[in-house]
Every structure is written in C-alpha cells, then in structure tokens.
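Visitor: Coordinates for the following, if possible.
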Amino acid sequence: MKLLMFDTKEFWYRTFRKTLEGAAAAEGEATVIDAIVVFVHVEKEDEADIDRASKKAADNVAWLARKTGRNRVLLHSFAHLSESKSSPEHAIIALERIGDRLKATGYEVSVTPFGYFLEFKVHVKGESLAKVWKSI
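Guide: Numbers count the residues shown, from 1 in each chain. Model prediction:
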C-alpha cells in the first residue's frame with residue numbers, strides 16, 4: 001500500500017465521471033477544511049493480508065494527524081502511486097478498515113466517492129510534514 005498524505009487548509013472535490021460500473025451513485029461535491037487528506041493506493045500484494053496493511057496505514061495516518069494537530073481525515077482512493085493494483089473490492093475493504101480504525105480512535109473520517117474520477121482543488125500547508133509519502 002502507498003500513502004500520499006497532505007496537511008491541508010482546504011480540499012474541495014466534485015465528481016467528474018463514474019469509472020467503475022458497479023460504483024454506488026455519488027454525484028456531487030464537498031469541501032473539507034483543516035484535514036489530513038490521504039491518497040491511498042492499495043496494491044495487489046496487500047490482498048494477502050488486508051487487515052495488516054490497513055492497520056499500518058491507519059497507524060501512519062494517525063501519526064501524521066497527531067504531529068500536525070489534526071482531527072479530521074479524508075481518504076481518497078488513488079490508484080496511481082504504483083504499478084501494482086488491487087482489485088476494486090479489496091481497495092474498498094481497505095478504505096473501510098482504515099476509516100473504521102481511525103474513527104475508533106476519535107478521528108472524524110470521510111471518504112471520497114469510490115469508482116469516480118474527481119475534479120479537485122487542494123490547499124496544502126507549507127511545512128515539511130504537510131507532505132508525507134509512505135510505502136507500507
């Protein structure tokens with residue numbers, strides 16, 4: 001699993017086009033203020049132990065949230081950080097488990113619509129920890 005994490009002042013997105021035939025209807029837009037925005041790429045290798053990978057991902061997100069004083073997290077499936085890609089079903093499971101772990105420890109978590117291309121704007125802070133990449 002690969003994580004590209006940003007400490008943001010603002011992240012706005014709007015659904016652009018449905019890319020996965022079975023994806024739930026999720027047309028619309030949203031804005032998240034003062035959040036850790038995490039681009040999550042679930043790899044084929046993660047399918048063998050999705051629980052372990054999801055736990056490690058949640059731990060890394062929580063670490064960054066603590067370091068930056070954030071309580072809000074936005075998870076976004078982003079299958080462009082590696083050539084290895086999990087099935088959509090495993091990516092959905094991983095996002096749910098990461099979100100559930102973070103919620104269980106007090107974080108406010110939202111997830112962008114899965115199976116859609118998004119149009120988005122992001123305002124990332126300038127500090128060093130505002131941009132973190134992690135390979136799990």
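Visitor: ok, how many other residues are close to the closest residue to Trp133 other than its chain neighbours?
Guide: Sequence neighbours aside, Leu4 is the residue nearest to Trp133 in space, at 5.3 Å (criterion: C-beta to C-beta, 6 or more residues apart in numbering). Yep, even glycine has a C-beta here, placed from its N, CA and C like the rest. Neighbours of Leu4 under the rule other C-beta atoms under 10 Å: 17.
Visitor: Please name every helix or strand in contact with the lengthiest helix in the chain.
Guide: In the chain, with assignment by DSSP state H, the single longest helix is helix 50-68. In terms of contacts (3 or more C-beta pairs under 8 Å, 6 or more residues apart in numbering; DSSP states H and E), helix 50-68 is packed against strand 2-18, strand 29-41, helix 88-104, strand 131-135.
Visitor: who touches it?
Guide: The list of residues contacting helix 50-68 from outside it, by C-beta atoms under 8 Å, 6 or more residues apart in numbering, reads 1, 3, 5, 7, 36, 38, 40, 42, 46, 70-71, 73, 90, 93-94, 97-98, 101-102, 105, 107, 127, 129-130, 132, 134, 136.
Visitor: didn't Arg17 look like it was pressed against Glu119?
Guide: No. The criterion here is C-beta atoms under 8 Å, and Arg17 misses it with Glu119 at 9.4 Å.
Visitor: what about these two, which has more around it?
Guide: The neighbour comparison of Arg17 against Glu119 (other C-beta under 10 Å) goes to Glu119, with 12 against 8.
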